[in-house]
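>>> this one's structure only:
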């Protein structure tokens, strides 16, 4: 199924007055009522206050590479940076740096927190070689562990089935795998294919968001769309966007839920796709599942 018969009129609008190079890592910061995302290879956090017709955008430089950022339960933020993690205060000042690896040919890419407050982030090789990355786990006690070996371009981590299944995308292999997950130990077990995108189909799975009905929304890198899959991995909705490279998505918007979608200009010619790199806002008929903070 290519999704052509499932395409919906998205009603998407773009927000902000400027584009980023490589938007990623979207999350709704309920504490401030803002969308947060990163301009990854610029190392910047982008904060968007979306007020419908008008949106204000604030950019803050955090590190050389800023892959993903999330709230901490006790205040401040946790971030994945080029080769590890950072703890930040509420004003984004650096409190602590935690190295995960030393290889200059590898960088962190994307991650999320589980319900117990563990922060996971996957690494990838700069040359995108198959199996060049790992999925790392940062515990609330700030110890670092390897959760998965041999990932390529890790993306889109969410938990379903009351936290006993982890869905993790690998953009290079064009798969989302469902892993048995032990929420007591933060351990990944046996896996199966949840979604496999055919090589002939446009796009590969990138960032993901879970809705409150168990649906999985997936930004399709190279596919110009966001796909929704039901809890069994069946494609049931396609939202088209006027750009090639959607990268991540997050539910937000308070009482009137919307789906925010970040995008990228990477691989796009300078005169093509003037909206690439912007954030799109799609009206949503469902709300988002909880997004968990880091426990450390």
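Yes, it's here. As the structure is a computational prediction, the values presented were derived from the model and not from experiment. Residues are numbered from 1 along each chain as shown.
>>> Could you say which helix or strand holds residue 226?
strand 225-229 (DSSP states H and E).
>>> just checking, next helix/strand downstream of that strand?
Trace forward from strand 225-229 with DSSP H and E and the next one is strand 235-240.
>>> Can you list the strands that that next one pairs with?
strand 7-8 (parallel), strand 225-229 (antiparallel) (DSSP bridges).
>>> Residue 158 reaches residue 210, doesn't it?
Yes. The criterion here is CB atoms under 8 Å, and residue 158 meets it with residue 210 at 4.5 Å. C-beta here means a position set from N, CA and C on the backbone, and glycine is covered the same way.
>>> how about the strands in the stretch 101-250 of the chain?
Ranges of strands in the stretch 101-250 of the chain, per DSSP state E, counting those that start in this stretch, are 106-113, 119-125, 133-138, 144-151, 154-160, 165-170, 175-182, 187-196, 204-210, 216-221, 225-229, 235-240, 246-252.
>>> Of all those strands, which one is nearest residue 30?
strand 246-252 (8.1 Å; CB to CB).
>>> quick one, that closest one and strand 204-210 angle?
Using axes from the mean of the first three to the mean of the last three CA atoms, to 10 degrees, the inter-axis angle of strand 246-252 relative to strand 204-210 is 10 degrees.
>>> centre of the chain versus strand 246-252, how much separation?
How far strand 246-252 lies from its chain's middle: 7 Å, per CA atoms, centre = their mean, to the nearest Å.
>>> Return the list of helices and strands in contact with it.
strand 23-29, strand 34-39, strand 204-210, strand 216-221, strand 225-229, strand 258-263 (3 or more CB pairs under 8 Å, 6 or more residues apart in numbering; DSSP states H and E).
>>> ok, and the closest non-adjacent residue to residue 192?
residue 178 (5.4 Å; CB to CB, 6 or more residues apart in numbering).
>>> How about residue 104?
That would be residue 83: by CB to CB, 6+ apart, it lies 7.9 Å from residue 104.
>>> which residues touch residue 175?
By CB atoms under 8 Å, 6 or more residues apart in numbering, the contact set of residue 175 is 169, 193, 194, 195, 196, 197, 205.
>>> let's see 6 Å
For residue 175, the contact set (CB atoms under 6 Å, 6 or more residues apart in numbering) comprises 193, 196.
>>> Tell me the bridge partners for it.
residue 170, residue 196.
>>> quick one: it and residue 100, what's the gap?
According to CB to CB, to the nearest Å, residue 175 and residue 100 sit 24 Å apart.
>>> before we move on, back to that, neighbours around the residue nearest to residue 104, how many?
19 (other CB atoms under 10 Å).
>>> wait, isn't residue 39 in contact with residue 18?
No. At 10.4 Å, residue 39 does not count as touching residue 18 under the criterion of CB atoms under 6 Å.
>>> just checking, the residue nearest to residue 192 touches residue 190?
No. Residue 178 is beyond contact range of residue 190, at 9.5 Å (criterion: CB under 6 Å).
>>> more neighbours, these two?
residue 178 (18 against 7).
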